[in-house]
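> let's see this in three dimensions:
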Amino acid sequence: MNGEPLGVLHFKKDKDALRQFGLLKTGKLTPAPTILESNFSVICAQIDPNTVEYPQKWTKEFQALGTQSVNPQQQEMIDSSAKILHHIKERPTFLFSTESNKKLGVMGLAVDNQKAETVTKWLTAQKVEWQQVPIEGVIRETKKGLAVFNLVSSSIPPKTLENMTKKFGAVIESTLEYQQRVNSLATRPQFLKPPEQTAQSPPNQSITPLLSITPSTPDITNSTKTEPLGVEKLPTVTIDDLRNWYNAADKLGKPLEYKNRIVEVANSFKSGQPLSSKALSAMNQDTTQHRSLSRLTQIAQRISHVLGKPSPDGSTQVSGKVYNINFNSDCKNLTITQKNGDVILAVVSAKVQVNHVSDDVIQAFEAANTKLDQALSPVRSGGMEL
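This is a model prediction of the structure:
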């Protein structure tokens, strides 16, 4: 490997097998692309220390079992290949960003769990916002000897990302490819008792939190310490509710720090911490607002399709007594303005950019939708002359 020997074949049957595959030719060096995996044998035993007795005279293993001692040449090969064997057993490092990661605005980083402390120091030095995924959230990866980190994608400097992809390979975007990559690794026996640093952040280290709280953003942290005694039991919440909350916040155009704190709440929830009343209130408010705006945009699109006039730029315009509508179905842009030009709602690429929607606006569009149904009812029931 890399011009260095891995070992020496001493058995004739191994040489014969290589010759049959054309990989062993006398006097020639034949390259053989190979995947090297470590094999482990593990035994879990509980020994009573009181039963352990040490002999008065020590006997070497080869003398007791009749095995041949290692000759100097073999010992030299063992010593020289120790570094290479370490690399073979080391877990690979790779980046991944599956569909669920992208929705949360994070990128995954899987590393050898014995290198977790080194990696966290490097990420902090690069000013990358990160959070280590708890073991219970990545049990399969932990069995394989991996530690998994969530990196905030927007916090990774372009040059840092370029260097990471050069060293670790391209970002894995397929969930199936990611699962195959993890499953291809041999199980590491240390999983029986993982190092403490894989379950917690490294001690005595200044860590840049994945999600920081600023006064300008409403507090939606998942802390329940300030809840008064006798608080009413919170309704049942699922992880799907939290995913829907994140998607709603994203569509509503919430700032990145706000969405990142939703990620923090979700991670705490997955680790067993219940949702606080503040987080629940914020989730209900966002999802309710998203439903209202979705209903409003649905009505506005319907009115545009029925009453709109096409424009040269491909959009459809509706001029009403109180509000104007401009809708472009190709790029999913929608603008609702008052007659004086004030923007009530601006949606760009299906995401809210401006939102000054009140209950009066929603009621006005609901009334317009009802009138449209009444106007179309005779046509639907009696048909049209074609």
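> ok, residue 32 - contacts?
Residue 32 makes contacts with residue 23, as judged by CB atoms under 8 Å, 6 or more residues apart in numbering. All C-beta atoms are positioned from the backbone trio N, CA, C, and that covers glycine.
> can you check the pLDDT for it?
Per-residue pLDDT puts residue 32 at 77.
> that one in helix, strand or coil?
coil (DSSP: H, G, I helix; E, B strand; the rest coil).
> for the nearest residue to residue 307 once chain neighbours are set aside, which three-state class applies?
Distances taken as CB to CB, 6 or more residues apart in numbering place residue 318 nearest to residue 307, at 5.3 Å, with adjacent residues excluded. Under three-state DSSP, the three-state class of residue 318 is strand.
> how many neighbours does residue 318 have?
Counted by other CB atoms under 10 Å, the residues lying close to residue 318 total 19.
> for it, what are its contacts?
Per CB under 8 Å, 6+ apart, neighbours of residue 318: 303, 304, 307, 308, 309, 324, 325, 326, 327.
> how about the residues you listed in CSV, adding distance to residue 276?
CSV is the format used below for these (distance: CB to CB, whole Å):
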residue, distance to residue 276
303, 41
304, 41
307, 46
308, 45
309, 50
324, 42
325, 40
326, 41
327, 39
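> for the protein, which helix is longest?
The residue-count maximum for a helix in the chain (DSSP state H) belongs to helix 277-307.
> if I pick the residue nearest to residue 254 when sequence neighbours are not counted, what's in contact with it?
Once flanking residues are discounted, residue 254 sits nearest to residue 286: 7.5 Å by CB to CB, 6+ apart. By CB under 8 Å, 6+ apart, residue 286 lies in contact with 245, 248, 249, 252, 254.
> for the contacts of residue 318, which one is nearest residue 93?
Minimum separation from residue 93 among those (CB to CB) is found for residue 327, which lies at 46.9 Å.
> and the closest one, backbone torsions?
When read as degrees, to the nearest 10, the backbone of residue 327 gives phi -130, psi 130.
> related to what we said a few turns ago, what is the helix or strand following the longest helix of the chain packed up against?
Downstream of helix 277-307, the first helix or strand assigned by DSSP states H and E is strand 309-310. Counting contacts by 3 or more CB pairs under 8 Å, 6 or more residues apart in numbering; DSSP states H and E, strand 309-310 is packed against strand 316-319.
> alpha carbons only: can I get the strand it packs on in CSV?
Taking Å, rounded to 0.1, in the frame of the first residue of the first chain, the C-alpha atoms of strand 316-319 are listed here in CSV:
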residue,chain,number,x,y,z
THR,A,316,-50.7,36.9,-14.9
GLN,A,317,-52.1,40.1,-13.5
VAL,A,318,-55.4,40.9,-11.8
SER,A,319,-56.5,44.4,-11.0
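> check contacts around the residue most central in space within the chain.
Geometric centre of the chain, nearest residue: residue 101, 3.5 Å, by CA atoms, centre = their mean. Residue 101 makes contact with 107, 108, 150, according to CB under 8 Å, 6+ apart.
> that one sits in which helix or strand?
With DSSP H and E as the test, residue 101 turns up in helix 99-104.
> so how far is the helix or strand following that helix off the chain centroid?
Going down the chain from helix 99-104, the next helix or strand is strand 106-112, by DSSP H and E. Centroid displacement of strand 106-112 relative to its chain, using CA atoms, centre = their mean, to the nearest Å, is 8 Å.
> any idea of the mean pLDDT in strand 106-112?
On average, strand 106-112 scores 92.
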